[in-house]
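Asks: Quick one, structure for this:
(one chain, ligands or ions: 1)
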Amino acid sequence: MDQPPEATRVYLAGHTGLVGSAVHRALQRHGSSDIITCDECDLDLTDQQATRHFFARERPDAVIIAAAKVGGIMANWEQPYEFVAINLAIELNLIECAFRSGVRRLVFLGSSCIYPREAPQPLREEYLLTGPLEETNRPYAIAKIAGIELCRSLNREYGTDYLSLMPTNLYGPGDNFDLRTSHAMPALIRRFHEAKVGVPDEDGRPRRPQAPVVLWGSGTPRREFLHVDDVAEAIVFALRQVPAAEVPDGMLNAGVGEDQTIAELAVLVQRVVGHEGPIEWDAGKPDGTPQKLLDVSRIKGLGWAPAVGLEEGIRRTYRWYVETCTAPDGTFRDPRRPASV
Ligand SMILES: NC(=O)c1ccc[n+]([C@@H]2O[C@H](COP(=O)([O-])OP(=O)(O)OC[C@H]3O[C@@H](n4cnc5c(N)ncnc54)[C@H](OP(=O)(O)O)[C@@H]3O)[C@@H](O)[C@H]2O)c1
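Replies: Model prediction:
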């Protein structure tokens, strides 16, 4: 039921982010000509009244929620209140405003961290709420679970068609390379690049090129990584071709279905970046969940599958990082925070 693109006016919330910018490209690739976007400076989605006015003015037919407060272990650990409160506010405002203004189709993005820490692997959609969550990102996970429940309850009570998609760990061009808030993949790419070039370490100590790289934890946890262009295709596929009523609880995982240890990933990133120094593991730092692998049989059975291999995906991301996020001397400059003029 791929809808004619011109028939759908899609509001893409969070279009400047890693996922949102990839979804924007994917919608354009699929011929969508009526995509509504709005920068945070114009619309703070935690502001209920502003969000309501925005929907009244723009009147979208469909909504994709790629706006959220997102971060790695450290950011989640240091700002638990912000991770639960901001995400709850964004979700409730968007889902409520979409419903009140008659939006027919909506895709909400959850995350693989909504599943219980000790759930069997690979993680099936029906494992939701069957056990305690991982402590390091519990506030974020609870906000995401609330978003799934908002969609599910609206579907059951009012017959809406709001689907929740659970992506695994994502990476790609547009990622966040700020080490205080980044996820594992961009942090690895940046650490290896800076050690290769010999950029001073995080405490400002000088380093020679090909300096050792120190990584958090034991390297043994297993993780799955999906390229952001693949998740963008999954989102467009879900929006256009998967009625929420066709999947139990309106929930769909989106991942690769294969994982590797963080140590294996580190060696792969090291090779792509061209770092030749040693890797050292700081086992005093937390590892997080031992394994997080999604069961993707539901979405694959509906006709979607990822297309970008891990090594090729890392190559594309590293190229983007060097071109977009580094100064000629190899130091980091954050394209998400343009230097003030
Ligand atoms: N990255 C992953 O590995 C991953 C994995 C699984 C699921 N997801 C899910 O995918 C979604 C997008 O993640 P992402 O990685 O693309 O995050 P991101 O790169 O940090 O992008 C977040 C987006 O949300 C916008 N935003 C944040 N707070 C806002 C507010 N108060 N008002 C309006 N806009 C706001 C940001 O706008 P500004 O840029 O203007 O701040 C940005 O466009 C999230 O729901 C996340 O849970 C991500």
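Asks: Output stretch 278-298 as CSV, nothing but the C-alphas.
Replies: Presented in CSV, the C-alpha positions along stretch 278-298 are these (Å, rounded to 0.1, in the frame of the first residue of the first chain):
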residue,chain,number,x,y,z
PRO,A,278,48.0,-0.5,20.6
ILE,A,279,44.5,-0.8,22.1
GLU,A,280,44.2,-0.8,25.9
TRP,A,281,41.0,-1.6,27.8
ASP,A,282,40.1,0.2,31.0
ALA,A,283,38.2,-2.6,32.7
GLY,A,284,37.4,-0.3,35.7
LYS,A,285,34.8,1.4,33.5
PRO,A,286,31.2,0.0,33.1
ASP,A,287,30.3,-2.4,30.3
GLY,A,288,26.5,-1.9,30.2
THR,A,289,24.2,-4.8,29.0
PRO,A,290,26.2,-7.9,28.1
GLN,A,291,24.3,-8.4,24.8
LYS,A,292,21.7,-6.5,22.9
LEU,A,293,20.7,-8.2,19.7
LEU,A,294,17.3,-7.6,18.1
ASP,A,295,15.2,-10.4,16.6
VAL,A,296,14.3,-8.9,13.2
SER,A,297,12.2,-11.7,11.9
ARG,A,298,8.9,-9.7,12.1
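Asks: If you count neighbours, what's buried in that stretch?
Replies: Within stretch 278-298, the residues that count as buried by 16 or more other CB atoms under 10 Å are 279, 281, 288-289, 291-296, 298. C-beta here means a position set from N, CA and C on the backbone, and glycine is covered the same way.
Asks: Could you check how far the residue nearest to Lys300 when sequence neighbours are not counted is from the ligand?
Replies: Sequence neighbours aside, Gly257 is the residue nearest to Lys300 in space, at 7.5 Å (criterion: CB to CB, 6 or more residues apart in numbering). Gly257 sits 15 Å away from the ligand, taking CB to the nearest ligand atom, to the nearest Å as the criterion.
Asks: Doesn't Gly257 lie inside a strand?
Replies: No - under the criterion used here (DSSP: H, G, I helix; E, B strand; the rest coil), Gly257 is coil, not part of a strand.
Asks: Any idea how many residues pack against it?
Replies: 18 (other CB atoms under 10 Å).
Asks: Start the count at 18 instead of 1 going forward.
Replies: Sure, I'll start counting at 18 from here, so that last one is Gly274.
Asks: Helix, strand or coil: sort out Val339 for me.
Replies: Recorded secondary structure, Val339: helix (three-state DSSP).
Asks: what's around it, how many residues?
Replies: Neighbours of Val339 (other CB under 10 Å): 14.
Asks: helices and strands of this structure: which one bottoms out on pLDDT?
Replies: Lowest on mean pLDDT, DSSP states H and E among the helices and strands of the chain sits helix 90-95, with a mean of 88.
Asks: What helices and strands are in contact with it?
Replies: Using 3 or more CB pairs under 8 Å, 6 or more residues apart in numbering; DSSP states H and E, no helix or strand is in contact with helix 90-95.
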